[in-house]
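In: Generate a structure from the sequence data that follows.
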Amino acid sequence: MAAPKGYLLFYNIVSALLWLRILLTVITLYWDPQIYTSIEPWTRWTQTLAVLEVLHAATGITRSPIFTTFTQIFARSVQVWAINYGFPEVTASSAAYPAMLFAWSTADVTRYLYFSVLLAGNPVPRALKWLRYSLFLVLYPIGIGSEWWLMYRATTVTTNLLIWGILYFFLGLYAPGSVMMYSYMVRQRRKTLSK
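Out: Residues are numbered from 1 along each chain as shown. The predicted structure follows:
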C-alpha cells in the first residue's frame, strides 16, 4: 500500500471512530441537559481534525473538489468554534444542538466507513454505498437548519456589533452555500448510484 493510501486509510478509520463516539453519545444523551458539556469539546476537536481534508484535496491525495471541501469544513469549523464554543448559553439549551450533531455524526460515520472500505481495497457493500449517497437527502436539511438556527440565536445574545454583523453575513451565505452543497451531493448520488 502506498504511503498516501495507507495514511488516508488510517485517517478515515480514526475519523469514523471519533464520529461514532459522538453519534453514540448523542443517541444516549439526546434529551439530557448535560449533552453539551458531555460532547462539545470532543466534537470541536474531531471537527477541527477535518481541516486536513482541505489539505488532502489541495495536495491532490484525494480527488475531492477543493472549493466544495473547503466550504463544508469552513462552515462546520465556524460552527464549532465561533458558535457552539463561543456561545454556550444558546447552544447548550437548544434542541438544535443534538439534532445537528446527530446529522453530522450519522453522515460522517457513514462517509468515513465508506472511504475506509474503498481504501482497504474491499468491495463496498451496496447498502453502505446507498447510505453514503442517500442519507444526505434527510441529514443535510437537519444539519444545515440546526447550524443556521444556532448561529441566528448567537446574534440575539451578542453585544458586539462587529460579531453581530459577521454572523449575519454568514447567515446570508447559508442559502447559496446550502444549495451548492446539496446540488453537488445530488449529482454525486446520481453518478455513483447509476453505475
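
In: any idea how far the nearest residue to Ile27 once chain neighbours are set aside is from Ser146?
Out: Spatial nearest neighbour of Ile27, excluding adjacent residues (Cβ to Cβ, 6 or more residues apart in numbering): Phe102 at 7.6 Å. Backbone N, C-alpha and C define where each C-beta goes, glycine included. Phe102 sits 9 Å away from Ser146, going by Cβ to Cβ, to the nearest Å.

In: Arg21 too?
Out: 20 Å.

In: higher neighbour count, those two?
Out: The neighbour comparison of Arg21 against Ser146 (other Cβ atoms under 10 Å) goes to Ser146, with 22 against 16.

In: That one in helix, strand or coil?
Out: Following DSSP: H, G, I helix; E, B strand; the rest coil, Ser146 is assigned to helix.

In: With Phe170 instead?
Out: Recorded secondary structure, Phe170: helix (three-state DSSP).

In: Also Trp31?
Out: Here Trp31 is recorded as coil under three-state DSSP.

In: Spatially nearest residue to the residue sitting nearest the centre point of the chain, not counting backbone neighbours?
Out: Using Cα atoms, centre = their mean, the residue of the chain that lies closest to the mean C-alpha position is Trp104, 4.5 Å off. Nearest non-adjacent residue to Trp104, counting by Cβ to Cβ, 6+ apart: Gly143, 5.6 Å away.
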